[in-house]
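Participant: I'd like to go over a predicted model; first the sequence, then the structure.
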Amino acid sequence: MKNSISKEFYEYKHSRMRRAEAKHGLLFILPWIIGFLGFTLYPILSSLYYSFCDYSVIKMPVFTGLKNYINLFRDSTFLTACKNTAYMIILGVPLTTFFAIAISVILNSKRLKHTSWFRVIFFIPTLVPTVVACLLWIWVMQPETGVVNTLLGYIGIKGPGWLASPAWAKPAFILMMIWTCGNAIIIYLAGLQDIPESLYEAAEIDGASFLRETISITLPLLRPTILYNMVTLVIGVFQWFAEPYIMTQGGPNNSTMFYSLYLYQNAFTYFKMGYASAQAWIMLIVAFIVILILFKFLKFGESNN
Amino acid sequence: MKKNMTLYKMGVFLNKFILYFILVFFAMLYLIPFFFLVMGSFKTTSELFQIPFRWLPRQFNFNNYRNMLNQIPFLNYLKNTLIIVFFSVVGALISNSLIAYGFARLRWPGRDKVFMIVLATMILPYQVTMIPLYLMFTKMHWVGTFLPLIVPQFFGNAFYIFLLRQFLAELPKEITESSRIDGASEFQIFAKVIMPISKPVLASVAIMAFIRSWNDFLGPLVFLGSDKLYTLSLAASMLKSNYDPNWDLLLPLGVVMVLPVLILFFVLQKYFIQGITMSGIKG
């Protein structure tokens, strides 16, 4: 009898505690719930609705079905923006990744000492405010008075017009992308430190060279980190806005008209909010596909357990 | 045998030499833009446009810096930036630590599913929500004030929630047990037990929020409107977009904008690296 009372009491108390805990949990995340509803969910849904509308801010949105999406694929500037963005993803992202991995592997090599200062040097460009980085690169890339062409001149190469030339403007942006890859380097270094030392020791006994170790041990084990960084870069390229906006305004001849810049122009220069929203949704879908690919390669949740 | 050994040693030395050479070479290339920025900030306009390019200014004086203070409302831009940065950091610290506590230390039905939604919002490009937010803030008469840049910071950021949750979830359960038996409320436990030991990760969040807000360009561009409210970044881009930009003012402005971030980095390096590493590896 006594026993059952205490059991009942225990269950009662326990469920009350659990309910109290649940109540507190919701109370603590309340700011997120409000923010999610107001600043994320509502905007997502209205953006989706606007993407099917003709909406120029001054007039109410008028539902036009798929018209924005159809028009986008007939819009030559949009197609150019897609092509330019693809160029950066296909060329810029692998080049940046290659460079970041190469530097990280060298920095991580236990044959070298005093690498901490190099880490700092490769990292600090990421701290430069985007606007300042843009101002800097405008000058660094000047055809006649720029540092890059001056340096090239020392070794007898006449540098191109960079930002002023339709063919060289995008490579100039890739150089800038490489300059700001310090975040990726830090993440690669952390990934490299997770690779067990014993693997390298075993390889050394077998007489493997540095290059051989890198190809057979480092790169395969670094794969999750590589994919994480690459996807971050890809998403970054899609959202790339300040750089082309400040440095080139998409020129010369639309050669640096990137996805987000055209989206911004549609929304805030031409006030075609519906059209720009459709563009944002295409971007979201492509970004989503990229993330799915990431999860597939990472085999999310399997590797760490 | 002896000959082989010397060959081997020479090989090791050569290997090392090549690796150092690569590092030094690229490190110099990486530093050149900084060198140019600092040197350029002392050059006169005609020196900047001079052909051929010269690495050093003819003379070092602070005329450009003085002109920057006098010819543009620099202090006003700085004040605007600091207001936004301050409230963004405070908002990020308060909201995200509360939210992360709710996800990491309390059990409630559906918690893990909701956390998946938090993670999913991390990959949401800003471009999707930007347009409706602009329209919404316009209706609320918030465009042309600091509010669109500050208020959302008080309602959590998926990335910071993720970072803080990682940290809080790894703290042992025992540390809160005794306070719970003493009858401390959940909020007391949060404020008096959990927050003090979370200082390192809070520092990382504060630094990231500072940098993000100090460097932000798109947000101020879309929401601020009037030039009385411009931040340093926005002011710099507007100065640049003039038909004939005053480069002798822009380069000193650039130096002044980079400097606080670099100082902060050198003082608090550990927390910078920790924040980035946590995001990349545990992700």
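Facilitator: In hand now; what should we look at?

Participant: element containing whatever residue of the stretch 101-250 of chain A ends up closest to chain B, please.
Facilitator: Nearest residue of the stretch 101-250 of chain A to chain B, counting by C-beta to the nearest C-beta: residue A:187, 3.3 Å away. (Each C-beta comes from the backbone N, C-alpha and C, glycine too.) Using DSSP states H and E, the element containing residue A:187 is helix A:182-193.

Participant: likewise residue A:219?
Facilitator: Counting by DSSP H and E, the secondary-structure element that holds residue A:219 is helix A:219-221.

Participant: state the mean pLDDT of whichever helix or strand comes after that helix.
Facilitator: For helix A:219-221, the following helix or strand on the C-terminal side (DSSP H and E) is helix A:223-238. Within the predicted structure, the mean pLDDT of helix A:223-238 is 87.

Participant: who does helix A:223-238 touch, helix- and strand-wise?
Facilitator: helix A:93-108, helix A:182-193, helix A:273-298, helix B:269-281 (3 or more C-beta pairs under 8 Å, 6 or more residues apart in numbering or on different chains; DSSP states H and E).

Participant: please identify the buried residues of it?
Facilitator: For helix A:223-238, the buried set under the neighbour-count rule, 16 or more other C-beta atoms under 10 Å in any protein chain shown, comprises A:224-238.

Participant: show me chain A divided up by domain.
Facilitator: With automatic domain parsing serving as the domain definition, the record reports that chain A contains domains spanning A:2-50, A:70-298.

Participant: of these, which shows the lowest average pLDDT?
Facilitator: The stretch with the lowest mean pLDDT among the domains of chain A is domain A:2-50, which comes in at a mean of 84.

Participant: hang on, the earlier thing: chain center to the helix holding residue A:187: distance?
Facilitator: Relative to the centre of its chain, helix A:182-193 is centred 15 Å away, using C-alpha atoms, centre = their mean, to the nearest Å.

Participant: now what about the helix holding residue A:219, what contacts it?
Facilitator: A:101, A:195, A:199, A:226 (C-beta atoms under 8 Å, 6 or more residues apart in numbering or on different chains).

Participant: before we move on, back to that, was I right to think the residue of the stretch 101-250 of chain A closest to chain B contacts residue B:273?
Facilitator: No. Proximity of residue A:187 to residue B:273 does not meet the contact threshold set by C-beta atoms under 8 Å, at 10.0 Å.

Participant: more neighbours, these two?
Facilitator: When neighbours are counted by other C-beta atoms under 10 Å in any protein chain shown, residue A:187 comes out ahead of the other of residue A:187 and residue B:273, with 24 against 18.

Participant: and the residue of the stretch 1-150 of chain B nearest chain A?
Facilitator: Counting by C-beta to the nearest C-beta, the stretch 1-150 of chain B gets nearest to chain A through residue B:102 (3.0 Å).

Participant: any stretches of the stretch 1-150 of chain B with poor pLDDT?
Facilitator: Judged against pLDDT under 70, the low-scoring parts of the stretch 1-150 of chain B cover residues B:1-4.

Participant: what number of residues lie near the closest residue to chain A within chain B?
Facilitator: Among residues of chain B, the one nearest chain A by C-beta to the nearest C-beta turns out to be residue B:155. It sits 2.5 Å away. Counted with other C-beta under 10 Å, the burial measure for residue B:155 works out to 21 neighbours.

Participant: what's the most buried one of the domains of chain A?
Facilitator: Per residue and on average, the most neighbours among the domains of chain A fall to domain A:70-298, with a mean of 18 (mean count of other C-beta atoms under 10 Å in any protein chain shown).

Participant: so how far is it off the chain centroid?
Facilitator: The chain centroid and the centroid of domain A:70-298 are separated by 9 Å under C-alpha atoms, centre = their mean.

Participant: what do you get for stretch B:143-160?
Facilitator: Using C-alpha atoms, centre = their mean, the offset of stretch B:143-160 from its chain centre is 15 Å.

Participant: other residues contacting that stretch?
Facilitator: Here stretch B:143-160 makes contact (C-beta under 8 Å, 6+ apart) with A:31-32, A:34-36, A:38-39, B:80, B:83-84, B:87-88, B:91-92, B:94-96, B:99-100, B:118-119, B:121-122, B:133-134, B:137, B:142, B:205, B:208-209, B:213, B:216, B:219-220, B:223-226, B:229, B:279.

Participant: not counting sequence-adjacent ones, nearest residue to the residue of chain A found nearest chain B?
Facilitator: Closest to chain B within chain A is residue A:35: 2.5 Å, counting by C-beta to the nearest C-beta. Of all residues beyond its chain neighbours, the one nearest residue A:35 is residue B:155 (2.5 Å), with distances taken as C-beta to C-beta, 6 or more residues apart in numbering or on different chains.
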